[in-house]
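A.B. asks: need a structure here:
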Amino acid sequence: MRELEIVLKPEDAFNDEVFETILREKIKPGKKEIKILRRSLDARKGQIKARVRVQVLDGSPPIISYVKPEKISSEASRVIVVGSGPAGLFAALKLLEEGMKPVILERGKDVRARRRDIAAINKFHTVNEDSNYCFGEGGAGTYSDGKLYTRSKKRGDVLRTLEILVSFGAKESILYDAHPHIGTNKLPGIIQAMREHIVECGGEIHFETRVTDFILEGNCIKGVKSMAGNWFTGSSVLLATGHSSRDIFQLLEAKGIKIEAKQFALGLRVEHSQNLIDKIQYNCLTRGDYLPAASYALVKQTSHGGVFSFCMCPGGFIVPSATQPGEIVVNGMSPSRRNSKYANSGIVVEVGKEYIDFSKPLSGMEFQRSIEQKACEIAGGNQTAPSQRLVDFIHGRVSSTLPKSSYQPGLYSVDHAEILPEPMLLGLREAFRSFGKKMKGFMTNDAQVVGVESRTSSPVRIPRNHETTEHVQIERLFPCGEGAGYAGGIVSAAMDGEKCASNIVKLYNRVSK
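C.D. replies: Predicted coordinates:
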């Protein structure tokens, strides 16, 4: 076995029809086989090229090693999984592998029916509190991008997570692309396939089932109650409700179950033309057919806190992500082809002790909500989002006109000084000036900022034992994923779900003996 790095033209490296054929011509492996390890783009020095790292092997390796779980016994022990985002779904698959029965409770609708409620937000400004861009089968990532890049490689097996997605229909290229991405148009089908297999193997899923209470005996959880009054009991409860489940955070506090305020980030979403970002990043007039839409990652330590780009969406759209009427929340998404004429990214400020009283567990959540409600009130009470041209934002001017935007519910011209605290405002302005120096052309009044980008991560952490992932206070309660404060995206949430599921299995086996 040997490893090689091959340099290709982008039109060869990103053309799926000829990619592997050209690799073979370059390497000439004879009877040997090629396994692609990584594909990335190098645009340094104005010379755009693709770098592909491969292994040359004696045998023909399987594309993936993951094997789907098989049907479990009808007598299998039940585990209640609250939430069907990546943490909940991957936990359910792991439980099935180990012979346990996952019973998934999802407050929202299935991934297909959820589309109608998302359309209603865009067209009619109607927010369904249980079915929206954040809630529903697949979680927040399903209809708000599907990016799979993660820095959380010490938390679990990233390749296994990607292989599971491939086994349920994702393209094999996610296994080796430097910044893998599925896209909001492709991910729903993968989520549906995962759910169908979970049910075929003996698991259950209950949609439109919002958990409103916990069944406790002393310091041990026995199950949960739904809004409809139904009880669901099991050997353990895995809580994977996502970063926006404020009612669950409030329930935990009301029950006296330990939770903590957690630092998060909040700011705005900036939107440029994708053509401009391509020109800046690729140093060329037009991108060409096979270059991917250019992205960027920016960070600046300002005198008012750290500011960084978040969930950058090349060739994407800005979407309304509120979970209740009376609040404005924006996020970004990209389809698989990333072929929108717009590029957008969250530009957010760290929210720390200047804004949060860490002695009060829900302080960060309340701060987050107050900003969202203020944005909605100023913008007219519906999903029309407050906006400002970028240079006008820097100078504190209300924009007399606004550029066209990908945000479907519409924009309202406003000075964001009416919404954001002054230190946060000053930090964002300082960071944007710095970003304009790093990326020549970024600072333009043809770009605009749209508010507010506030759901970057959970404002609450549910503390758990470092080794067992069980709650520090309540036995058999396993807080999991983004909502518990232990993940930050699809892949890290999926890995955390598997980790918690594995610990549930260990606990069950230990108790059974």
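
A.B. asks: so which strand or helix has the closest residue to P102 other than its chain neighbours?
C.D. replies: Leaving aside its sequence neighbours, P102 sits nearest to A92 (C-beta to C-beta, 6 or more residues apart in numbering; 3.7 Å). For glycine as for every other residue, the C-beta is placed from the backbone atoms N, C-alpha and C. Using DSSP states H and E, A92 sits in helix 86-97.

A.B. asks: Can you list the strands that the following helix or strand past that helix pairs with?
C.D. replies: Counting by DSSP H and E, the next helix or strand C-terminal to helix 86-97 is strand 101-105. Each strand paired with strand 101-105, and its direction, by DSSP bridges: strand 78-82 (parallel), strand 204-206 (parallel).

A.B. asks: Could you tell me how far strand 101-105 lies from the centre of the chain?
C.D. replies: Centre-to-centre, strand 101-105 and its host chain are 22 Å apart (C-alpha atoms, centre = their mean, to the nearest Å).

A.B. asks: quick one: that strand to helix 86-97, angle?
C.D. replies: 160 degrees (axes from the mean of the first three to the mean of the last three C-alpha atoms, to 10 degrees).

A.B. asks: Give me the helices and strands touching the next helix or strand after strand 101-105, please.
C.D. replies: For strand 101-105, the succeeding helix or strand toward the C-terminus, using DSSP H and E, is helix 114-124. On a contact count with 3 or more C-beta pairs under 8 Å, 6 or more residues apart in numbering; DSSP states H and E, helix 114-124 meets strand 317-320.

A.B. asks: could you say what helices and strands the strand it packs on packs with?
C.D. replies: Using 3+ C-beta pairs under 8 Å, 6+ apart, strand 317-320 sits against helix 114-124, strand 330-333, strand 342-351.

A.B. asks: give me that answer again for 7 Å
C.D. replies: strand 330-333 (3 or more C-beta pairs under 7 Å, 6 or more residues apart in numbering; DSSP states H and E).

A.B. asks: Pull the strand it packs on out as CSV, backbone CA atoms only.
C.D. replies: Extracted as CSV, the C-alpha positions of strand 330-333 are listed here (Å, rounded to 0.1, in the frame of the first residue of the first chain):
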residue,chain,number,x,y,z
VAL,A,330,-32.3,33.9,10.3
ASN,A,331,-30.0,31.0,9.1
GLY,A,332,-28.4,29.9,5.9
MET,A,333,-28.8,26.9,3.6
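
A.B. asks: So what touches that strand?
C.D. replies: 133, 143-145, 184, 269, 311, 313, 316-321, 344-346, 385, 450-453, 455 (C-beta atoms under 7 Å, 6 or more residues apart in numbering).

A.B. asks: Pretty sure A91 is one of the things E498 touches, is it not?
C.D. replies: Yes. E498 is in contact with A91 according to C-beta atoms under 7 Å; the separation is 6.4 Å.

A.B. asks: what about these two, which has more around it?
C.D. replies: Neighbours were counted for E498 and for A91 using other C-beta atoms under 10 Å; A91 has more, 32 against 25.

A.B. asks: what's the single longest helix in this protein?
C.D. replies: Counting residues, the longest helix in the chain under DSSP state H turns out to be helix 490-512.

A.B. asks: counting contacts, what elements does it pack onto?
C.D. replies: Using 3+ C-beta pairs under 7 Å, 6+ apart, helix 490-512 sits against helix 86-97, helix 158-167, strand 236-239, strand 477-479, helix 481-484.

A.B. asks: Between these, which one is closest to T126.
C.D. replies: Nearest to T126 among these is helix 481-484; the distance by C-beta to C-beta comes to 24.5 Å.

A.B. asks: pLDDT score for S336?
C.D. replies: Reading off the confidence values, S336 has pLDDT 88.

A.B. asks: cool, and E17?
C.D. replies: At E17, pLDDT is 87.

A.B. asks: Shouldn't it be within a strand?
C.D. replies: No. E17: not assigned to a strand; according to DSSP: H, G, I helix; E, B strand; the rest coil it is coil.

A.B. asks: distance of it from E354?
C.D. replies: Noted for E17: a distance of 53 Å to E354, by C-beta to C-beta, to the nearest Å.

A.B. asks: Also M1?
C.D. replies: In terms of C-beta to C-beta, M1 sits 53 Å off from E354.

A.B. asks: G202: how many residues sit nearby?
C.D. replies: 18.

A.B. asks: Kindly apply the preceding question to D12 instead.
C.D. replies: 18.

A.B. asks: Tell me which residues are up against the helix or strand where it lies.
C.D. replies: Per DSSP H and E, D12 falls inside helix 10-13. The contact list for helix 10-13 (C-beta under 7 Å, 6+ apart) reads 18-19, 22, 39, 41, 48, 50, 52, 288-291.

A.B. asks: Please identify which of those is nearest to A487.
C.D. replies: Once C-beta to C-beta is applied, the member of the contacts of helix 10-13 that ends up nearest A487 is R39, at 25.7 Å.

A.B. asks: Quick check: beta-bridge partners of the closest one?
C.D. replies: V52, D177.

A.B. asks: what sits against it?
C.D. replies: Neighbours of R39 in contact, by C-beta under 7 Å, 6+ apart: 13, 50, 52, 176-178.

A.B. asks: please redo it, this time with the cut-off set to 10 Å
C.D. replies: Contact analysis of R39 by C-beta atoms under 10 Å, 6 or more residues apart in numbering lists 6, 8, 13-14, 19, 50-54, 173, 175-180.

A.B. asks: before we move on, what about G85?
C.D. replies: Counting by C-beta under 10 Å, 6+ apart, G85 makes contact with 91, 106, 108, 134-142, 191, 240-243, 480-483, 487, 490, 493-494, 497.

A.B. asks: Would you show me how to pick out the buried ones of the residues you listed in PyMOL?
C.D. replies: Restricted to buried positions by 16 or more other C-beta atoms under 10 Å, the PyMOL selection for the contacts of G85 reads:
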select buried, resi 91+106+108+134+135+136+137+138+139+140+141+142+191+240+241+242+243+480+481+482+483+487+490+493+494+497
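
A.B. asks: where exactly do the helices run in this structure?
C.D. replies: Counting by DSSP H, the helices of the chain are 10-13, 19-27, 86-97, 114-124, 158-167, 187-200, 246-254, 274-282, 363-378, 390-395, 422-438, 481-484, 490-512.
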